[in-house]
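>>> Predicted coordinates and the sequence they were generated for:
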Amino acid sequence: MTGPRGEPAAFTVVQSTLAMAPALEAIQRASFPTLAADELITAAHYRAHIERFPEGQLAVVTAERQLVACSTDFRTTFDFDHIEHRYIDAVDHNWLGRHDPDGDWLYGADVGVLPEYRRRGLARRLYEARHALVRRLRLRGHVAGGLLRGYGAWKARMAVDEYVARVVAGELVDPTLTAQLRCGFEVRGIIQSYVTDPSCDNKAALIVWPNPEYCDA
């Protein structure tokens, strides 16, 4: 595996630390350039996440310890009969104040990769680590709002339901959802007003990775 200029690079998934907060904010801003400013996660938010639920905060570092990707999760319960919700409400305005230590689902609040390090499997590495956490905590699974980052360019030509159906069928490629489907997620619905971002027309797919090891007993 090589870095952006062809140099050798080894990537490791680690638990985020307080000292990483400024670099985590930089990844967030580079990953979501069209997201509304008040929905971006700042260094102060990341510090709060790490203090509140350290196991759910992950980062990818190079052999030189440069941070190039990260993810944020918290535990919650989830009402699958009423899926419409705003991202900013779910994450308590990015403070994760609704983290429930007894929640039976891991909620994927965020995953970001520096643009120059994309297409190297780093998001997949983060998802694999998060799913390992789901197994370790014996949760029902992983749930998230997958931003439909490609839909903004298609919204004048088709309804979002058709767009998602065609992405799921492999007829269209969405920069975010396609990768999430390859990581084992399934679409359970469409969230119409999830964020404020023209790239996805504010929409997200409700995606779920059920824990194959979960048992109600």
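Everything's here; your move. Residues are numbered from 1 along each chain as shown.
>>> all contacts plus neighbour counts: C-alpha atoms, from now on.
Will do.
>>> Can you name the residues that contact the closest residue to residue 197 other than its chain neighbours?
Using CA to CA, 6 or more residues apart in numbering and skipping the chain neighbours, the partner closest in space to residue 197 is residue 35 (4.8 Å). Applying CA atoms under 8 Å, 6 or more residues apart in numbering to residue 35 gives the contacts 195, 196, 197, 198.
>>> Quick check: of these, which lies closest to residue 27?
Set against residue 27, the nearest of the contacts of residue 35 by CA to CA is residue 197 (17.3 Å).
>>> Stretch 109-123: end-to-end distance?
14 Å (CA to CA, to the nearest Å).
>>> Just the buried positions in that stretch, please.
109, 110, 111, 112, 113, 114, 122, 123 (16 or more other CA atoms under 10 Å).
>>> okay, the residues you listed in JSON lines with secondary structure next?
Shown next, in JSON lines, are the buried residues of stretch 109-123 (DSSP: H, G, I helix; E, B strand; the rest coil):
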{"residue": "109", "secondary structure": "strand"}
{"residue": "110", "secondary structure": "strand"}
{"residue": "111", "secondary structure": "strand"}
{"residue": "112", "secondary structure": "strand"}
{"residue": "113", "secondary structure": "strand"}
{"residue": "114", "secondary structure": "coil"}
{"residue": "122", "secondary structure": "helix"}
{"residue": "123", "secondary structure": "helix"}
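>>> Pick out whichever of the residues you listed sits closest to residue 141.
Nearest member of these to residue 141, counting by CA to CA, is residue 109, at 14.1 Å.
>>> all helices of the chain, in order?
Assigned by DSSP state H, the helices in the chain fall at 21-31, 43-52, 87-90, 122-137, 160-168, 177-182.
>>> Which other helices and strands does the longest one contact?
Just to be clear, that refers to helix 122-137. Here helix 122-137 touches strand 12-15, strand 57-61, strand 67-76, strand 105-113, strand 141-147, going by 3 or more CA pairs under 8 Å, 6 or more residues apart in numbering; DSSP states H and E.
>>> and that helix with strand 141-147, angle?
150 degrees (axes from the mean of the first three to the mean of the last three CA atoms, to 10 degrees).
>>> any idea of the mean pLDDT for helix 122-137?
The pLDDT scores in helix 122-137 average 97.
>>> Residue 108 and residue 143 touch, don't they?
Yes. Look at residue 108 against residue 143 with CA atoms under 8 Å: they come within range, at 6.1 Å.
>>> These two: which has the busier surroundings?
residue 143 (25 against 22; other CA atoms under 10 Å).
>>> The more buried one against residue 205, yeah?
No. In this structure, residue 143 is not within contact of residue 205 by CA under 8 Å, at 10.4 Å.
>>> got a list of what the closest residue to residue 151 other than its chain neighbours touches?
Spatially, and ignoring its direct neighbours in sequence, residue 151 is nearest to residue 200 (5.0 Å; CA to CA, 6+ apart). Residues near residue 200 by CA under 8 Å, 6+ apart: 147, 148, 149, 150, 151, 152.
>>> now residue 200: how far from residue 42?
22 Å.
>>> Could you do residue 35 as well?
13 Å.
>>> likewise residue 181?
28 Å.
>>> do the same with residue 50
The value you get for residue 50 to residue 42, if CA to CA is used, is 13 Å.
>>> which neighbours do those two share?
With the criterion set as CA under 8 Å, 6+ apart, the contacts of residue 50 and residue 42 do not overlap.
>>> Residue 125 reaches residue 13, doesn't it?
Yes. Counting by CA under 8 Å, residue 125 does reach residue 13; the two are 7.2 Å apart.
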